[in-house]
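Novice: let me see the structure of the following:
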Amino acid sequence: MRTLPKNYPLRQALNDEVHARPPEPLKPPMRISFLALLTEWPPGNRDIRPIADLARRFGVEPPKADVRHFSADFGAFRLKWERHTEFARYKFMVPGGREQPFTRTAMESVPEDWLAELTGETIVAAHVALARNRRQTIDNEQIAARFFDGNTLVGAQVGGEAATAFTDFRIHGDGFSRFLVYDRSMTERQAGRYVQRLLEIDTYRILALLALPEAQRLGPKLAGFESDLAEITNAMAGGGGQDETTLLDRLTGLAAAIENCRSNTLYRFRATAAYYALVRRRIDELRATRIEGLQTFGEFTGRRLAPAINTCEAAATTLNVLSDRVADATQLLSTRVGVIRERQNQALLESMNRRARLQLRLQQTVEGLSIAAVTYYVVSLVAYAAKAAVKSGAAISPDIVTGLSIPVVAVLVALAVRRVRKQVTRKNR
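Specialist: Model (predicted):
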C-alpha cells in the first residue's frame, strides 16, 4: 500500500457530504409524521439537545453535539432528524395504519412533553400515509372524500408509475397537511426517496414564500422611491428650481434608503430563488405522470407558487434597477457639481490674481513714497551736517553739498529697499 501525501483537513467531510442525509427505507404500510421548524443560525446545541434527551429517555445512544443529522429506532417509532441552514426537520415513522392512516398518526407515538421542548417555529407539519395498492384504477373522488375532507386533490403517478401520490396542500384541523402514497412496485429505498421528495416539495415551497410578505411590504416603498427619483431627475433637467447641492443631498439620502432595503432583503430574496429552484428540481425528480382529472405537482406549483415567486423577483429586480439609476444620477449630478465648483474656483483665482496685481501696484507705490520720504530725511540730515561744518570753518557750500547728496542718497535708499524686499520674498517661498 502506497503512502499518500498528507490529507486536506476537510477531505473526509467533503467526500461524505454527498452521502449525508440519505432517505430512510420505507416499507408499506407506514405512517409518517413530519415537522419542519424554522430556527436561528448558528444552531449551537439548541436543536441537538432535545434529540439527545429523547434518546436517553428511550435508552438509545444519543448523537454527538456537532452532528447535522441523526437517525435511530426508538422502539415505538423511528426518528430521522436533519439540521439545515434555516430549519430543522423531524421525521417520525411507525408501521401500519392502512385503513385510517390520518386518524391514528405517527405523532401520537411521540411524547407530548418532549414535543413542547422543541425550539423553533413550525413552518411545515405533515402526515404521510404509505400503503400498498397494486390496482390500476383509483377512485380520486373517493380518496378526496375519505382522506382529504373533499378538497380538490393534486396528484400524479410517480417514479415511472411505480407509485401514486395525492395531496391537497392544505392544513387540516389537526394542524397537519396530508400526503397519501400508494406503492405499486417501489423498493423500500425508492419509497423512502419519493416520500422525502414530496415532503421537500412542501417544505421548500413554504420556505420560498417567506420573502412574499417582504416583497408586498416593499411595494409602496418602491413606488415612493420611483417618485422621488423622477422628481429629482426632472429638477436636474431644469424644471425643479433647486440648486445642485440640494439635489445631490436628496440623491444620496435616496441611495442610502434603497441600499438599506437591499441589505435587509438581499438574503431573503436570494434564498427564495434557491428554494424555488429546489422545488422545481424535486418535482422533476418525481418523474410524474398525469392522472386524468387532477393537477400534477408541477402544474399546481406553476399556477400557485410561480406568481408569488415572480412578485419577489420583481421586487428584487426593481431594487437593483433603482440602485443603478440612482448611482447614475448621482454620478451625473456629482460631475455637474464638480464643474460648477471648478468654475467658481477659477473665478476665485482670477479675483485673487486681480487683488494680487493691485496689491503689487500699491506696494510699488508705497515703496516709491518710502524711498522719497527716507531720501528727504537723510538729505535733511546731510544739510544739517554741512551747515555745522561751515560754522566749524570748512570752506564748503551747504546748498551744493545738499543738492549733490540727493541722487546719491536716493540711489542708496532704493538699493536698500530692493535688498530688503528680496530677503522677505526669499523667506516666504
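
Novice: backbone phi and psi for Ile171, please?
Specialist: Per-residue torsions, Ile171: phi -90, psi 120 (degrees, to the nearest 10).

Novice: residues contacting it?
Specialist: Neighbouring residues of Ile171 by C-beta atoms under 8 Å, 6 or more residues apart in numbering: Ala125, Ser177. All C-beta atoms are positioned from the backbone trio N, CA, C, and that covers glycine.

Novice: and for the one 3 residues further on?
Specialist: The neighbourhood of Asp174, defined by C-beta under 8 Å, 6+ apart, contains no residues.

Novice: and it, how far from Thr365?
Specialist: Distance from Asp174 to Thr365, counting by C-beta to C-beta, to the nearest Å: 105 Å.

Novice: for Asp113, grab the count of nearby residues.
Specialist: Other residues near Asp113 come to 7 when the count uses other C-beta atoms under 10 Å.

Novice: helix or strand right after whichever strand or helix holds it?
Specialist: If you go by DSSP states H and E, Asp113 is part of helix 112-115. Heading C-terminal from helix 112-115, the first helix or strand you meet, by DSSP H and E, is strand 121-132.

Novice: what helices and strands are in contact with that following strand?
Specialist: strand 30-38, strand 177-183, helix 188-208 (3 or more C-beta pairs under 8 Å, 6 or more residues apart in numbering; DSSP states H and E).

Novice: got a markdown table for the ones you listed, with mean neighbour count, distance to Glu24 and mean pLDDT too?
Specialist: Below are the helices and strands packed on strand 121-132 laid out as a markdown table (neighbours: other C-beta atoms under 10 Å; distance: least, C-beta to C-beta, whole Å; pLDDT from 0 to 100):
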| stretch | mean neighbour count | distance to Glu24 | mean pLDDT |
| --- | --- | --- | --- |
| strand 30-38 | 24 | 9 | 94 |
| strand 177-183 | 24 | 14 | 94 |
| helix 188-208 | 22 | 5 | 94 |
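
Novice: in CSV: these, plus distance to Val408.
Specialist: Formatted as CSV, the helices and strands packed on strand 121-132 follow (distance: least, C-beta to C-beta, whole Å):
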stretch, distance to Val408
strand 30-38, 104
strand 177-183, 118
helix 188-208, 103
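
Novice: contacts for stretch 354-372?
Specialist: Stretch 354-372 has contacts (C-beta under 8 Å, 6+ apart) with Ala410, Val413, Ala414, Val417, Arg421.

Novice: out of those, which is most surrounded?
Specialist: For those, neighbours tallied by other C-beta under 10 Å; top is Val413, 19 neighbours.

Novice: what's the neighbour count on the nearest residue to it once chain neighbours are set aside?
Specialist: Distances taken as C-beta to C-beta, 6 or more residues apart in numbering put Val374 closest to Val413, at 4.7 Å, once the chain neighbours are dropped. Neighbourhood size, Val374 [other C-beta under 10 Å]: 17.

Novice: what of Gln295?
Specialist: 19.

Novice: again with Glu292
Specialist: Neighbour count of Glu292, defined by other C-beta under 10 Å: 5.

Novice: mind checking the SS state of it?
Specialist: coil (DSSP: H, G, I helix; E, B strand; the rest coil).

Novice: so for it, what's the pLDDT?
Specialist: Looking at Glu292, its pLDDT stands at 88.

Novice: one more: Gln242?
Specialist: For Gln242, the model assigns a pLDDT of 58.

Novice: same deal with Asp66?
Specialist: Residue-level pLDDT assigned to Asp66 equals 77.

Novice: quick one: secondary structure of it?
Specialist: Per three-state DSSP, Asp66 ends up coil.

Novice: hang on, the earlier thing: just flag the most distant two among the contacts of stretch 354-372.
Specialist: Spanning the widest gap among the contacts of stretch 354-372 are Ala410 and Arg421, at 16.5 Å by C-beta to C-beta.

Novice: can I get the helix or strand bottoming out on mean pLDDT in the chain in CSV? Just the C-alpha atoms.
Specialist: Least confident helix or strand, the chain: helix 11-17 with a mean of 72, by mean pLDDT, DSSP states H and E. Taking C-alpha atoms only, helix 11-17 is exported to CSV below (Å, rounded to 0.1, in the frame of the first residue of the first chain):
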residue,chain,number,x,y,z
ARG,A,11,-11.2,15.8,2.7
GLN,A,12,-13.2,13.2,4.5
ALA,A,13,-16.0,15.6,5.4
LEU,A,14,-16.3,16.9,1.8
ASN,A,15,-16.3,13.4,0.5
ASP,A,16,-19.0,12.3,2.9
GLU,A,17,-21.2,15.3,2.1
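
Novice: the helices and strands packed on strand 121-132: which one's closest to Gln100?
Specialist: Of all those, strand 30-38 comes closest under C-beta to C-beta, at 9.9 Å.

Novice: show me what that closest one is packed up against.
Specialist: Using 3+ C-beta pairs under 8 Å, 6+ apart, strand 30-38 sits against strand 87-95, strand 121-132, helix 188-208.

Novice: if we can go back for a sec, check which helices and strands the helix holding Asp113 is in contact with.
Specialist: Against helix 112-115 (3+ C-beta pairs under 8 Å, 6+ apart) you get helix 48-57.
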